[in-house]
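Engineer: need coordinates for the following:
(2 chains)
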Amino acid sequence: MASPAYLDWNATAPLKQAARDAMRAALDDVGNASSPHAPGRRARRRIEDARAILAAQLAIDPARIVFTSGATEANATALTGARVLASAIEHASVAAWATAKCPVDQRGVLDLAALDRMLRDDPLLSIVAVMAVNNETGVMQPIGEAAEIAHRHGRRLHVDAVQAAGRMDLAPLAAVADTMSLSAHKMGGPQGIGALLLTDDLCATPLLRGGAQERRRRAGTENTAAIAGFGAAAAELAGDRTACAGIAELRDALEVELKARAGDLVIYGEGAPRSANTSCFGVPDLPAETVLMALDLEQIAVSSGSACSSGAVEPSPVLLAMGVDEAAARTAVRVSLGPASTRGDIDRLLSAWGSLYDRRRRRAA
Amino acid sequence: MTDFPPIDLDLPKGARVVVAMSGGVDSSVTAALVREAGYETIGITLRLYDDNGAPKRAGACCGGDDARDARAVADKLGIAHYVLDWASQFRANVIDDFVNEYVAGRTPIPCVRCNQRVKFADLLDSARDLGAAALATGHYARRTIEADGTALRRGREIARDQSYFLFATTQPQLDFLRFPLGDWPKDKVREAAAAFGLPVASKPDSQDICFVPDGRYADLVRKLRPDAAGPGEIVHIDGRALGTHDGVIGFTVGQRRGLKIAGDEPLYVVALDAAARRVVVGPRASLGRDQVSMRETNWLSLPDPAREIEVKLRSAQPPAAARVRATDTQARSAEIELAMPVEGVAPGQACVVYDGDRVLGGGWIETTRLGALAA
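Structural biologist: Below you'll find the model as predicted:
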């Protein structure tokens, strides 16, 4: 059996060596960052170093960064208590706070005219939430334009930039967003740590109180090792972006060859500007769950847009918002690549997927 | 390691086999045996209904807790395991049919529909898509290779036999299916579960209907079809009106309890007329039926009308001697003539035809008669 092919980088990326080293060093040390003694100061130093690295990547003041347990918490901190106009394709951790949803077009791109109209029609909507890059389709959203519209109406803009890290420069996003969320494990850092960017302390409600950590914006002893790993991973974002440009070639080759194999293949978000690492596709009557199982049995890890761990599996709200019908949405599979992805991974995927496709078509015949 | 004899699935060494794992002890042991026999074993658990908030009850299957149990077993065995959420298919193919049957005055068997329309249809197709050589289940039934094809037979332990619920299995489905427990007594299955160290070894058996955890199926019918629960008359077969009832869905043919009618002789439900919302009752003597018309028949082997065979008209009833008088494979109907009248033959139940321990096929009971008298 060949080595496993991991093609689910949008779910989580493998830990970078630099992150592993930074975390190990922190874990092997002692100290609470709130303590004034030397061990405490060392822990504090690790946290502030990480904050400085992240701030440099974002070209912002480090004081604007609040470390959280992940992007879900960052989103909740930014959106709690607000009347939120969210794009119709947000991650569940943003969608959960939406008062209203702004439509996207068939390519999965935010409808800016609708955004403008909805803000004009409802003055009570206080925050506009738009993700920078969609996690399922890789479609990039017009953040600059959305910011201009939101600010013109006097509203704040929250950007979930989780999937943008390593795929595009985060600084222009941070420059226009009032609040922005990031997650370490999508950029080769550890799981369980994220960050919220704030323009000022008014634009977030602390969820955890009772401690002075993170300038009273997030109480509780800091996860020092995870923060150190986050910083180390963020330090390599420029290199990730360079690698991502190379990945585009692999992703495009994958799509060309999938189409050659299956004339009925649909690629979601194909016509839109997309992150170079993501491909979301499906063929009629081949359920995503079957594809996931068949590929997993060949040690190839991909994802579907409709994964849900507890309740009933619903077709992806992202695809439905793009006007895809339910049956087709249930066939959508997401392949997401990363800097370590190889042509060999793509070949294995094509071979395994092709066998499944042929088997299914033979059976249907 | 255990000292149970290895099973033989009649497949090439190392073939990929999907096991339908419900989270219960039977299918868990099935998975363990398939793996032990050296096949590449893949567990699939179907989540068939949403049991969020439902009262926890021992003895149901295929909800969320059972999926967790199945996963724990798969982890213990070190096999790949997937949970598929098929609640919408199950609702459309099984629950809706169940409800409609009750509303029509029949007494349905959702387990047959589930096998026919979910497990041996979509799940079996998924197994084929995964490149599996077979789909194994924990049913107590046997499958043998005969000169005229693959045969379905009763489980070795008659008290546990589940072949009645498998009558709608088609020949191509049967060719792909395996029932490794068909020769096993139940206590040995529990023993094996304990020996394999499976976390479900002492889990209670599943009972009744999985998606009606409290057993009050009439409540489910009323909830899903509030229009159909109208009250009506209870009428004696001699024409006398004896009282009223809350809705025909509370009744099944052959039932005696719950009629709430005082009288000299014990009365039984003889027939249900859903259109007229009428429950027809009569003395025990009026329950007997010796003619049965079936619809939606499925034949693994066409019965010889000249030969006496046996039929089972309810899962818990012993088989009765009968002849299959006429079969129309085009219309998928058949007429059964019982050697002796049988009581409590309820439309909507399955009529399964056996030649010895071999299942020839069967169908759904459509109408019943005694001699020339239609009922």
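Engineer: from here on, contacts and neighbour counts on C-alpha atoms
Structural biologist: OK.
Engineer: longest helix in chain A, please.
Structural biologist: If you go by DSSP state H, chain A has its longest helix at helix A:237-261.
Engineer: quick check: next helix or strand after it?
Structural biologist: strand A:266-267 (DSSP states H and E).
Engineer: strand partners of that following strand, parallel vs antiparallel please.
Structural biologist: Strand A:266-267 sits in its sheet next to strand A:278-282 (antiparallel), going by DSSP bridges.
Engineer: tell me the mean pLDDT over the next helix-or-strand element following the strand it pairs with?
Structural biologist: Counting by DSSP H and E, the next helix or strand C-terminal to strand A:278-282 is helix A:288-297. Here helix A:288-297 scores 94 as its mean pLDDT.
Engineer: now for helix A:288-297, which elements pack on it?
Structural biologist: strand A:303-304, strand A:333-336, helix A:343-364, strand B:80-85, helix B:124-129 (3 or more C-alpha pairs under 8 Å, 6 or more residues apart in numbering or on different chains; DSSP states H and E).
Engineer: would the helix or strand that that helix is followed by count as contacting chain B?
Structural biologist: Sequence-wise, the next helix or strand downstream of helix A:288-297 (DSSP H and E) is strand A:300-301. No. Applying C-alpha under 8 Å from any C-alpha of the partner chain, one finds strand A:300-301 separated from chain B by no less than 13.2 Å.
Engineer: who's in contact with strand A:300-301?
Structural biologist: A:4-8, A:292, A:295, A:348-349 (C-alpha atoms under 8 Å, 6 or more residues apart in numbering or on different chains).
Engineer: top of those residues by neighbour count?
Structural biologist: When neighbours are taken as other C-alpha atoms under 10 Å in any protein chain shown, the top entry among the contacts of strand A:300-301 is A:Leu7 (26 neighbours).
Engineer: tell me the contacts of that one?
Structural biologist: Here A:Leu7 is in contact with A:300-302, A:335-338, A:341, A:345 (C-alpha under 8 Å, 6+ apart).
Engineer: can you give the domain ranges for the chain?
Structural biologist: Defaulting to chain A. A:5-13+A:238-364, A:17-235 (automatic domain parsing).
Engineer: to clarify, I was referring to chain B.
Structural biologist: B:16-138+B:180-195, B:230-286, B:289-374.
Engineer: how about JSON lines for these, with distance to A:Thr242, mean neighbour count and mean pLDDT added?
Structural biologist: Shown next, in JSON lines, are the domains of chain B (distance: least, C-alpha to C-alpha, whole Å; neighbours: other C-alpha atoms under 10 Å in any protein chain shown; pLDDT from 0 to 100):
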{"stretch": "domain B:16-138+B:180-195", "distance to A:Thr242": "37", "mean neighbour count": "21", "mean pLDDT": "89"}
{"stretch": "domain B:230-286", "distance to A:Thr242": "68", "mean neighbour count": "18", "mean pLDDT": "86"}
{"stretch": "domain B:289-374", "distance to A:Thr242": "63", "mean neighbour count": "20", "mean pLDDT": "92"}
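Engineer: just put those domains in a markdown table and tack on distance to chain A.
Structural biologist: Shown next, in a markdown table, are the domains of chain B (distance: least, C-alpha to the nearest C-alpha, whole Å):
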| stretch | distance to chain A |
| --- | --- |
| domain B:16-138+B:180-195 | 5 |
| domain B:230-286 | 29 |
| domain B:289-374 | 22 |
